[in-house]
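**Q** Provided below for reference: sequence and predicted model.
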Amino acid sequence: MRYSATHKQETREKLLNKSRELAKKEGFGGTGVDAFMKAIDMTGGAFYTHFESKAELFAELVEQELEFSTEMLAGDEDAPADHVARKLRSYLSSAHALHPETGCVLPTLGPEIARASPEIKARVEKALKRLRDAWSERLDDDDAGWALLAQCVGALILARVVESERTRREILSASRRFLERVEKAPRE
């Protein structure tokens, strides 16, 4: 049976999408090539026709995740004035905390990114600076971008490590209320 001319690229994209989901849910380092390939109903041997190594897959999935998150969170010139506030409410939600496979890569794979190659860390830094710049500009505050990123990622990590739903909600609600107060505070 012959495959279409686009089959290899389609399979690569399918592998990348499933790997992003699986890595954010289970962790990247502890998930083997066979598990990534099984997620798309293929054998482990086929992996190397799409990526030279597992490290290459990691680099690409992190880059795609951050590109997607940055575009979604930063908004553009057509985004409404309350764009940041709306995105923060969504980010700091129980749904996001309970479904890491569909959410931000930083709370789930941050420690693995921290141990990654300098090239991967440079890509991450570039994406984070882009988001920081967008939020700082929207809020007219140079410190706001970094502070918001740190608050959001940290709050989500805490919400994911607690057992009770009540504590999870308290963490997320407190973070949302705190950020709303900061956003409304007069600027110096």
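**A** Sure thing, it's come through.

**Q** tell me what the helix or strand of the chain with the lowest mean pLDDT is packed against?
**A** Lowest by mean pLDDT, DSSP states H and E among the helices and strands of the chain is helix 83-91, with a mean of 88. On a contact count with 3 or more C-beta pairs under 8 Å, 6 or more residues apart in numbering; DSSP states H and E, helix 83-91 meets helix 54-74, helix 118-139, helix 144-161, helix 165-184. From N, CA and C alone the C-beta is placed, and that goes for glycine too.

**Q** can you say which of those is nearest to residue 21?
**A** helix 54-74 (9.6 Å; C-beta to C-beta).

**Q** what mean pLDDT does the closest one get?
**A** Averaging pLDDT along helix 54-74 gives 90.

**Q** in it, which residues are buried?
**A** 54, 57-66, 69-70, 73-74 (16 or more other C-beta atoms under 10 Å).

**Q** swap in stretch 79-96?
**A** So for stretch 79-96, counting by 16+ other C-beta under 10 Å, buried means 83-85, 87-88, 91-93, 96.

**Q** same question for stretch 111-131.
**A** 112-113, 116, 120, 123-124, 127-128, 130-131.

**Q** on that earlier part again, got the CA coordinates for the least confident helix or strand of the chain in PDB?
**A** Taking C-alpha atoms only, helix 83-91 is exported to PDB below (Å, rounded to 0.1, in the frame of the first residue of the first chain):
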ATOM      1  CA  HIS A  83      -7.600  40.600  27.400                       C
ATOM      2  CA  VAL A  84      -5.000  40.000  30.100                       C
ATOM      3  CA  ALA A  85      -7.600  39.800  32.800                       C
ATOM      4  CA  ARG A  86      -9.700  37.300  30.800                       C
ATOM      5  CA  LYS A  87      -6.700  35.100  30.000                       C
ATOM      6  CA  LEU A  88      -5.600  35.100  33.700                       C
ATOM      7  CA  ARG A  89      -9.100  34.000  34.800                       C
ATOM      8  CA  SER A  90      -8.900  31.100  32.300                       C
ATOM      9  CA  TYR A  91      -5.300  30.200  33.200                       C
END
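
**Q** related to what we said a few turns ago, mind putting the buried residues of stretch 111-131 into JSON lines with distance to residue 40 and pLDDT?
**A** Listed next are those as JSON lines, based on distance: C-beta to C-beta, whole Å; pLDDT from 0 to 100:
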{"residue": "112", "distance to residue 40": "21", "pLDDT": "95"}
{"residue": "113", "distance to residue 40": "24", "pLDDT": "96"}
{"residue": "116", "distance to residue 40": "24", "pLDDT": "94"}
{"residue": "120", "distance to residue 40": "23", "pLDDT": "93"}
{"residue": "123", "distance to residue 40": "25", "pLDDT": "90"}
{"residue": "124", "distance to residue 40": "26", "pLDDT": "92"}
{"residue": "127", "distance to residue 40": "26", "pLDDT": "89"}
{"residue": "128", "distance to residue 40": "30", "pLDDT": "92"}
{"residue": "130", "distance to residue 40": "30", "pLDDT": "89"}
{"residue": "131", "distance to residue 40": "30", "pLDDT": "88"}
